[in-house]
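>>> Sequence plus the predicted model coming up.
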Amino acid sequence: MEITNIYLFISISFILLISPGPNTIYVVSKGMTEGRKAAFKAVVGATAGDMIQVLAASLGLAVLLQASSLAFFIVKMFGASYLFYVGIRCFLNKQQLFVKSSEEETKGKDLIFTGFFTSVLNPKTTLFFLSFLPQFIDNQSVYAQQQMLLLGAIFVVMGFFVMNVYAVVAEKLRFWIAKNERIQAYLNWITGAIFIGFGLRIAFSERR
């Protein structure tokens with residue numbers, strides 16, 4: 001694997017990572033409602049889910065999703081249903097931007113689990129890694145799988161830092177938005193609508 005391929009991979013990955021997806025939206029929503037610590041726990045969960053996605057692509061599980069219509073349908077329905085669930089929870093959430101007591105804070109394990117499942121139940125992410133990573137490795141090499149794992153790890157680490165930047169920015173926005181009660185009232189609805197939108201996008205997605 002040439003060093004120029006790694007530089008190109010990092011450049012393209014950065015562009016892709018700064019584009020908001022379900023993981024980023026979840027991290028930002030937690031940063032706005034509960035602060036940086038809660039957002040960081042969400043990042044940990046999402047990062048763990050991304051690593052599982054990389055392993056799935058490297059070990060060939062993504063090939064199964066690409067080859068089997070039934071497997072892809074089952075996984076994408078699970079993923080879409082989970083995003084619907086998160087979106088509905090946002091609609092029902094009456095939490096204000098400033099959490100007043102520890103009882104109102106989301107438990108750390110719940111933040112991590114939600115971040116994890118938001119990432120790992122998205123079959124399009126697995127197929128993305130399957131189609132994206134091989135473009136930067138030597139497919140003829142006996143170390144092709146190791147190269148894929150290396151690039152996947154680089155992508156996940158970059159994603160970890162990018163999501164943490166979003167978490168910091170979200171916390172800054174939290175203090176600004178908190179001064180506007182109208183924005184506070186609509187924030188959960190907007191976040192919920194975004195998650196349901198992502199769920200619909202997955203539900204009606206096709207294998208490529």
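That came through fine.
>>> only C-alpha atoms for contact and neighbour calcs from this point on.
Fine.
>>> And the helices in this structure?
With DSSP state H as the definition, the chain shows helices at residue ranges 3-17, 22-34, 36-59, 61-67, 69-92, 108-120, 123-132, 144-177, 181-203.
>>> so the third one versus helix 22-34, what angle?
Right, the one you point to is helix 36-59. In terms of direction (axes from the mean of the first three to the mean of the last three C-alpha atoms, to 10 degrees), helix 36-59 departs from helix 22-34 by 170 degrees.
>>> angle of helix 36-59 against helix 108-120?
Our comparison of helix 36-59 with helix 108-120, counting by the same axes, to 10 degrees, yields an angle of 40 degrees.
>>> which helices and strands sit right next to helix 36-59?
In terms of contacts (3 or more C-alpha pairs under 8 Å, 6 or more residues apart in numbering; DSSP states H and E), helix 36-59 is packed against helix 22-34, helix 108-120, helix 123-132, helix 144-177.
>>> among those helices, which is nearest Ile194?
Each of those has some distance to Ile194 by C-alpha to C-alpha; the shortest is helix 22-34, at 8.0 Å.
>>> pLDDT (mean, whole number) over that closest one?
The predicted model assigns helix 22-34 a mean pLDDT of 86.
>>> Which elements pack onto that helix?
helix 36-59, helix 108-120, helix 144-177, helix 181-203.
>>> highest average neighbour count across the ones you listed?
Mean neighbour counts were taken over those using mean count of other C-alpha atoms under 10 Å, and the top value, a mean of 24, falls to helix 36-59.
>>> contacting residues around the spatially most central residue of the chain?
Here the mean C-alpha position of the chain is nearest to the C-alpha of Asn23 (C-alpha atoms, centre = their mean), at a distance of 2.5 Å. For Asn23, the set of contacting residues under the criterion of C-alpha atoms under 8 Å, 6 or more residues apart in numbering consists of 43, 46, 115, 118-119.
>>> likewise Ala80?
122, 198-200, 202-203.
>>> which non-adjacent residue is nearest it?
What sits nearest to Ala80 in space, not counting adjacent residues and going by C-alpha to C-alpha, 6 or more residues apart in numbering, is Gly199, at 4.2 Å.
>>> Met32 too?
Of all residues apart from its sequence neighbours, Arg174 sits closest to Met32 (C-alpha to C-alpha, 6+ apart), at 4.6 Å.
>>> surely the one you found meets Val28?
No - the pair Arg174 / Val28 is not scored as a contact, 9.7 Å apart, by C-alpha atoms under 8 Å.
>>> if we can go back for a sec, how near is the residue nearest to Met32 to Glu34?
In this structure, Arg174 and Glu34 are 9 Å apart, going by C-alpha to C-alpha, to the nearest Å.
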